[in-house]
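Undergrad: have a look; sequence and predicted model below, questions after that.
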Amino acid sequence: MGTRYDALAPRRGPASIGSCRDNRSGFDSQRTATCLRADDPASTRTIGTGGAADGARRHGYDFSAMGQNQSDMRRTLGGAARLWAAPEHHEVHDEWWVACSGELNVNYNVACCQSSAPDALVEHCLQPLLDLGRPAIVMLAGAGLASAQRLAEIGWVTVGALPLMVLTPPTGSFSSLTGARALSPEELPAARELLIDTYGLDDSSAVAAVPDGIVTSQDMEAWGLYDGDRLVSFFTSVVEDGLAVVWSMATRADSQGHGYGRALLGSALGQLFERGATGSLLQSSAVGQKLYGGLGYSSVEHWQLWSRPRWVMGNA
């Protein structure tokens, strides 16, 4: 058993952290990723509990096209975290979910609260993370945003915000591209190496992000795009509740800006839509929104991210 929530002394807050890097936890607020990055400028503004619905109206997004509302989509994202979460640390409920790999990278130990009920945050989100004893993030969405002060009182700080982005299949099909395909078991080490090089993951976290079982699963895949014999772009997907959920999108630093990520994602989504996926769901960094927006994704709400200073300031 780790630290008890009720044993933590109240502290002054909230506070805000800018760009920071923790080589132990892997947190970097300026990296481009869909693997739970906290680098959106929205972190500097207050997001009220009505922000999600307002965002949906502002972007004109029709949730009925995928048969889900915002609350459903939050749960779907939590369910899709089974790709990288340890089974014993993965639980999804209507008002909250927890998904932890148990590794040191802060981006792969996450809890999400979408309820203003105190026990949803404290007992079901915060306490499991404290018990785990690994760098972690609490995300607040929807009505859960009203719980922010409780985190501030125990010394947690805001580390940013991530947009939830959704896509419905366009009329026609996404273009296919030779070289963009699902990876084989022999290619997974190259995919992990790409994540390590791009995001500074430790070896164990990279294995959690790209588990061996992904190649034998019926609804999970690791997708890659090659330039010659070199893997230049990669992401993982899970089909959850009919939606293709995207995780860990990465393109090699020296290959960025050449359209590899767009080509890979477009080709893979085309294949997933042909198989019956009714849409796609992801969380994006600020920089990544340009890529996803260009493919037709819409940002419908932002989730606040909170963590402990020692987990994101490099002095854990």
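TA: Nice, I can see it.

Undergrad: which strand or helix spans W303?
TA: strand 298-307 (DSSP states H and E).

Undergrad: for this protein, what spans make up the helices?
TA: 51-59, 70-80, 118-121, 127-132, 148-153, 188-199, 203-209, 260-274, 288-294, 309-312 (DSSP state H).

Undergrad: which stretches of this protein form strands?
TA: Taking DSSP state E to define them, one finds strands in the chain at 90-92, 96-100, 109-113, 137-140, 157-167, 180-182, 220-227, 230-240, 243-251, 279-283, 298-307.

Undergrad: circling back to that earlier point, mean confidence for the strand holding W303?
TA: The predicted model gives strand 298-307 an average pLDDT of 95.

Undergrad: helices or strands next to that strand in the packing?
TA: When contacts are defined as 3 or more Cβ pairs under 8 Å, 6 or more residues apart in numbering; DSSP states H and E, strand 298-307 packs onto helix 51-59, strand 137-140, helix 148-153, strand 157-167. Placement of C-beta: from N, CA and C, glycine included.

Undergrad: strand partners (parallel or antiparallel) of the second one?
TA: The sheet places strand 137-140 alongside strand 109-113 (parallel), strand 298-307 (antiparallel), with pairing taken from DSSP bridges.

Undergrad: now find how far off-centre the last one is within its chain.
TA: Relative to its parent chain, strand 298-307 has a centroid offset of 10 Å by Cα atoms, centre = their mean, to the nearest Å.

Undergrad: where does the protein have its least confident helix or strand?
TA: Least confident helix or strand of the chain, by mean pLDDT, DSSP states H and E, is helix 51-59 with a mean of 42.

Undergrad: circling back: okay, the helices and strands packed on strand 298-307, which one's buried deepest?
TA: Comparing the helices and strands packed on strand 298-307 by mean neighbour count (mean count of other Cβ atoms under 10 Å), strand 137-140 comes out on top with a mean of 27.

Undergrad: off-centre distance for that strand?
TA: For strand 137-140, the distance to the chain centre is 11 Å (Cα atoms, centre = their mean).

Undergrad: now that strand: average pLDDT?
TA: The average pLDDT for strand 137-140 rounds to 98.

Undergrad: if we can go back for a sec, so which of the strands paired with strand 137-140 is nearest G257?
TA: When those are compared by Cβ to Cβ, strand 298-307 sits nearest G257, at 22.2 Å.

Undergrad: okay, the angle between that closest one and strand 157-167?
TA: Strand 298-307 and strand 157-167 meet at an angle of 160 degrees, taking axes from the mean of the first three to the mean of the last three Cα atoms, to 10 degrees as the criterion.

Undergrad: how about strand 298-307 as PDB, C-alpha atoms only?
TA: Provided in PDB are the C-alpha atoms of strand 298-307 (Å, rounded to 0.1, in the frame of the first residue of the first chain):
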ATOM      1  CA  SER A 298     -12.300  17.500 -34.900                       C
ATOM      2  CA  SER A 299     -11.300  18.600 -31.400                       C
ATOM      3  CA  VAL A 300     -14.400  18.500 -29.200                       C
ATOM      4  CA  GLU A 301     -13.200  19.000 -25.700                       C
ATOM      5  CA  HIS A 302     -10.000  19.400 -23.600                       C
ATOM      6  CA  TRP A 303      -9.100  17.300 -20.600                       C
ATOM      7  CA  GLN A 304      -7.000  18.900 -17.800                       C
ATOM      8  CA  LEU A 305      -3.900  16.900 -16.700                       C
ATOM      9  CA  TRP A 306      -2.700  16.900 -13.200                       C
ATOM     10  CA  SER A 307       0.400  15.400 -11.600                       C
END
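
Undergrad: got the angle between that strand and helix 70-80?
TA: 60 degrees.

Undergrad: could I get the helices and strands packed on strand 298-307 as JSON lines with distance to P189?
TA: Shown next, in JSON lines, are the helices and strands packed on strand 298-307 (distance: least, Cβ to Cβ, whole Å):
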{"stretch": "helix 51-59", "distance to P189": "39"}
{"stretch": "strand 137-140", "distance to P189": "27"}
{"stretch": "helix 148-153", "distance to P189": "38"}
{"stretch": "strand 157-167", "distance to P189": "28"}
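
Undergrad: which one of these lies nearest to V207?
TA: Nearest to V207 among the helices and strands packed on strand 298-307 is strand 137-140 (19.9 Å), distances taken as Cβ to Cβ.

Undergrad: is the nearest residue to L282 once chain neighbours are set aside bridged to anything, and to what?
TA: Closest residue in space to L282, ignoring its immediate chain neighbours: V246 at 4.0 Å, by Cβ to Cβ, 6 or more residues apart in numbering. Beta-bridge pairing for V246 (DSSP bridges): S237.
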